[in-house]
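S.K.: Got a predicted structure plus its sequence, pasted below:
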Amino acid sequence: ENTNGLLREYLPKGADLSQFTQQELDQIAWSLNNRPRKSLGFKKPSEAFWECCFNLDIRIPSTVALGP
């Protein structure tokens, strides 16, 4: 819900996206992904994404059989 509100700062509800260039849309996406969020511990969404992708703490549940 918060992200929708942030997006509305750039694109009014009902805006025709075909009126924007790809470069303009990319700039909006970059701005949103590089804005710290309270819900992410004041990390940027881009930082949270990369941490999730590259700092995986993979644990095998005890209910998973590991072999025959």
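M.R.: Great, that's in hand.
S.K.: I'd like the distance between the residue nearest the centre of the chain and Arg37.
M.R.: The centroid of the chain falls nearest to Pro45 when counting by Cα atoms, centre = their mean (4.7 Å). Using Cβ to Cβ, to the nearest Å, we find Pro45 at a distance of 6 Å from Arg37. (Each C-beta comes from the backbone N, C-alpha and C, glycine too.)
S.K.: One more: Asp26?
M.R.: Taking Cβ to Cβ, one finds Asp26 at 20 Å from Arg37.
S.K.: Looking only at neighbour counts, state which of these two leads.
M.R.: With other Cβ atoms under 10 Å as the criterion, Asp26 and Arg37 differ in neighbour count, and Arg37 comes out ahead with 16 against 11.
S.K.: Residues in a beta bridge with the more buried one, which ones?
M.R.: Following DSSP bridges, Arg37 is listed with bridge partners Lys43.
S.K.: who are the neighbours in contact with it?
M.R.: Residues in contact with Arg37, defined by Cβ atoms under 8 Å, 6 or more residues apart in numbering, are 2, 43-45.
S.K.: same thing with Phe42?
M.R.: Phe42 neighbours (Cβ under 8 Å, 6+ apart): Pro36.
S.K.: roughly how far apart are it and Pro36?
M.R.: Distance, Phe42 to Pro36, using Cβ to Cβ: 5 Å.
S.K.: And for Phe20?
M.R.: Using Cβ to Cβ, Phe20 is found at 25 Å from Pro36.
S.K.: In terms of packing, which of those two has more residues around it?
M.R.: In terms of neighbours (other Cβ under 10 Å), Phe20 is the more surrounded of Phe20 and Pro36; the figures are 15 against 11.
S.K.: so how far is Ala29 from that one?
M.R.: In this view, Phe20 and Ala29 are 11 Å apart by Cβ to Cβ.
S.K.: do the same with Cys52
M.R.: As judged by Cβ to Cβ, Cys52 and Ala29 stand 18 Å apart.
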